[in-house]
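In: what follows is a predicted protein model with its sequence.
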Amino acid sequence: MKQHHLIGIGLVLTIAACALVEPKEVTFLRTAEHHATQEEVRQRLGPPTFTTTSDEDAVWIYHAWDWQPGNRITTPGAWCDEYVLSFDRQEVLQSYSHRRQFHGGETMPEYCVRGHHASASSNF
């Protein structure tokens with residue numbers, strides 16, 4: 001009985017820890033899907049890094065950089081989170097994706113996430 005109690009406590013702590021490490025952008029986007037407008041997203045996340053539009057929809061791309069100085073255990077570099085948001089004709093958020101990549105040892109990477117939407121040097 002005591003072992004089941006400890007397993008339950010461990011499970012609750014694991015779930016709580018996962019919630020603490022979720023980026024604030026993901027938390028917002030998960031709850032904003034299918035009802036937040038472009039203006040609401042801009043107020044919450046700021047201006048997008050890149051945008052593109054067509055007759056049907058708009059795509060906004062955000063890059064969020066987190067610099068890691070490094071120490072005896074970790075290498076210096078940068079983490080980049082890329083968020084790709086799709087809006088419909090009424091400017092309502094329809095979907096989003098999130099990818100993250102570590103750039104170890106690079107001080108000025110040319111891209112956020114390898115092989116994905118836009119590089120830092122593109123005119124998107």
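Out: It's in.
In: all contacts plus neighbour counts: C-alpha atoms, from now on.
Out: Fine.
In: next up, the contacts around residue 83.
Out: Residue 83 is in contact with 61-63, 96-99, counting by Cα atoms under 8 Å, 6 or more residues apart in numbering.
In: biggest separation within those, which pair?
Out: The two members of the contacts of residue 83 with the most space between them (Cα to Cα) are 63 and 96, at 13.2 Å.
In: who has more neighbours out of those two?
Out: Just comparing residue 63 and residue 96: by other Cα atoms under 10 Å the higher neighbour count belongs to residue 63, 22 against 18.
In: the helix or strand hosting residue 31 packs against which elements?
Out: Applying DSSP states H and E as the criterion places residue 31 in helix 24-32. In terms of contacts (3 or more Cα pairs under 8 Å, 6 or more residues apart in numbering; DSSP states H and E), helix 24-32 is packed against strand 93-104.
In: show residues contacting the strand it packs on.
Out: Counting by Cα under 8 Å, 6+ apart, 26, 29, 32-38, 75-88, 109, 112-114 sit against strand 93-104.
In: report the buried members of those.
Out: Neighbour counting by 16 or more other Cα atoms under 10 Å classes 29, 32-33, 36-38, 76-88, 109, 112-113 among those as buried.
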